[in-house]
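>>> No letters, just coordinates:
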């Protein structure tokens with residue numbers, strides 16, 4: 001879930017406000033209020049998760065943080081109840097419960113920071129200062145750009161379709177050659193060429209050839225493209241990839257006779273490599 005940090009912080013604020021209202025506007029004790037809120041929070045978030053299932057990991061993080069917050073508020077208000085019974089005012093709290101409360105507050109803050117770093121990354125300048133400088137001179141990136149898919153049945157269907165398509169591609173026997181016209185360099189436009197022929201060596205004309213150059217570890221700079229046919233069976237596109245190093249290629253060729261897909265890798269040189 002891309003907005004997991006938002007839902008965590010928003011949920012914490014809503015639960016804290018609702019807890020305070022119930023505790024202030026009723027005669028319930030802190031323990032009773034915490035018990036009721038724990039049941040309410042569990043029911044509401046479980047209902048939400050069933051309708052919009054975020055995955056077991058995201059669900060576990062949310063429900064744990066929410067219930068820990070209720071537990072902390074229960075400790076604080078229970079201590080206040082004890083002080084009221086003995087005629088003292090304020091929210092004084094014994095060092096034991098205070099230590100437990102402080103630990104869980106630290107845990108919630110730390111988990112929120114970890115999630116934020118994992119989903120959004122660290123500020124670029126801060127990342128340059130915190131992370132060791134790579135020997136290759138590559139740009140430092142601190143974020144995890146991908147997401148974990150939880151639609152296992154859908155992935156199984158995709159896999160079965162992939163097996164069928166692979167078999168059909170093998171039976172068609174198309175010959176696909178691909179490559180750069182010259183050495184590609186970072187930030188410089190280079191011509192990428194794909195040649196498509198059938199099993200007998202005849203050019204495949206008027207195909208729709210599209211693809212993506214994908215950067216491992218940073219999907220934000222992925223480059224999608226559509227190629228133009230300049231000669232029978234020869235397709236071209238000019239591309240300027242923004243970082244040097246290894247890129248993954250995903251290529252798709254579509255004609256009325258069928259679809260052909262393949263994957264490969266390419267390496268882009270740094271403009272200073274030969275200087």
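That came through, no problem. What you see is a predicted model, and the numbers here were worked out from it, not measured in a lab.
>>> So in this protein, which helix runs the longest?
Scanning the chain for the longest helix, with DSSP state H as the assignment, gives helix 56-85.
>>> any idea how far that one is from the chain center?
Helix 56-85 has its average C-alpha position 29 Å from the chain's average C-alpha position, going by C-alpha atoms, centre = their mean, to the nearest Å.
>>> What count of nearby residues applies to residue 79?
Residue 79: 19 surrounding residues under other C-beta atoms under 10 Å. Heads up, the C-betas are built off the backbone N, CA and C, glycines and all.
>>> State the mean pLDDT of the longest helix of the chain.
Looking at helix 56-85 alone, the average pLDDT works out to 82.
>>> So what pairs up with the closest residue to residue 201 other than its chain neighbours in the strands?
Of all residues beyond its chain neighbours, the one nearest residue 201 is residue 175 (7.0 Å), with distances taken as C-beta to C-beta, 6 or more residues apart in numbering. Using DSSP bridges, the bridge partners assigned to residue 175 are residue 197.
>>> Do I have it right that residue 175 meets residue 196?
Yes. With contact defined as C-beta atoms under 8 Å, residue 175 reaches residue 196; the gap is 7.4 Å.
>>> Would you map the strands across the chain?
Counting by DSSP state E, the chain forms strands over residues 175-180, 190-197, 208-214, 223-226, 228-231, 234-239, 245-255, 258-268, given from the N-terminal end onward.
>>> now those in CSV, with mean pLDDT and mean neighbour count?
Compiled in CSV, those are given as follows (pLDDT from 0 to 100; neighbours: other C-beta atoms under 10 Å):
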stretch, mean pLDDT, mean neighbour count
strand 175-180, 93, 15
strand 190-197, 94, 18
strand 208-214, 94, 19
strand 223-226, 94, 12
strand 228-231, 94, 12
strand 234-239, 95, 17
strand 245-255, 91, 16
strand 258-268, 89, 15
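>>> can I get these in TSV with distance to residue 163?
Compiled in TSV, the strands of the chain are given as follows (distance: least, C-beta to C-beta, whole Å):
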stretch	distance to residue 163
strand 175-180	19
strand 190-197	22
strand 208-214	21
strand 223-226	26
strand 228-231	30
strand 234-239	27
strand 245-255	17
strand 258-268	13
